[in-house]
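Colleague: need a 3D model of the sequence below.
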Amino acid sequence: MTPNRDAQAAATICPMAREHLEGVAAIEAACFSEPWSLSAFAGELDNPQAVYFVALAEGQVAGFAGMRVLFGEGGITNVAVAEPFRRMGLGSRLVEALTGYGCRNRLDSITLEVRAGNEGAIALYTRQGFVPVGRRKNFYRFPVEDAILMTWTCPQGEANT
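Modeller: Predicted coordinates for the structure are as follows:
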């Protein structure tokens, strides 16, 4: 399927719900070498510390992003956009949904790990205000690769907006 370029503008970002699970799991399986299962995502719906958003475009789940919140800090667990919907700004909008949640809920910071070789994701996170703060040696498997640890803090004056 080749999406309409207007899909990004027409995409809706909303909280993940049960009806989104199959689409989320399919994107996860296509994007990651060690994907989470559908049941793992279902468990996140029942986890009071989990926050997940989906991008809905052209009647389907086009992407998703999630994090867990503990003791005033967020930890992004996954961000993924289906291949036909990439390079349309959906990843940015999903990350913005998480950081917006962070500001509204006065999180001290949001942290994530990203593959050191994933230049596109690193650029996306940098544009969203994440800064590199460390490196985790051989963090990823299949293939083995370091992770860049990145952190975001709500810009002054934007909390609760």
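Colleague: quick one: low-confidence parts of this protein?
Modeller: 1-9, 156-161 (pLDDT under 70).
Colleague: any chance you could map the strands in it?
Modeller: Ranges of strands in the chain, per DSSP state E, are 12-15, 50-57, 60-70, 73-81, 109-115, 131-140, 145-152.
Colleague: residue 108: how many residues sit nearby?
Modeller: 12 (other C-beta atoms under 10 Å). C-beta here means a position set from N, CA and C on the backbone, and glycine is covered the same way.
Colleague: need phi/psi at it.
Modeller: Dihedral pair for residue 108: phi -70, psi -40, per degrees, to the nearest 10.
Colleague: and the gap between the residue nearest to it when sequence neighbours are not counted and residue 37?
Modeller: Among residues not flanking residue 108 along the chain, residue 72 sits closest, at 4.8 Å (C-beta to C-beta, 6 or more residues apart in numbering). Using C-beta to C-beta, to the nearest Å, one obtains 29 Å as the distance from residue 72 to residue 37.
Colleague: do residue 84 as well
Modeller: From residue 84 across to residue 37, the span is 23 Å (C-beta to C-beta).
Colleague: so those two - more neighbours on which side?
Modeller: Here residue 84 and residue 37 are compared on neighbour count by other C-beta under 10 Å; more neighbours surround residue 84, at 14 against 11.
Colleague: gap between the more buried one and residue 57?
Modeller: Applying C-beta to C-beta, the value for residue 84 to residue 57 is 9 Å.
Colleague: again with residue 47
Modeller: On the measure of C-beta to C-beta, residue 47 and residue 57 end up 26 Å apart.
Colleague: neighbour count: those two, which is higher?
Modeller: More crowded of residue 47 and residue 57, by other C-beta under 10 Å: residue 57, with 24 against 13.
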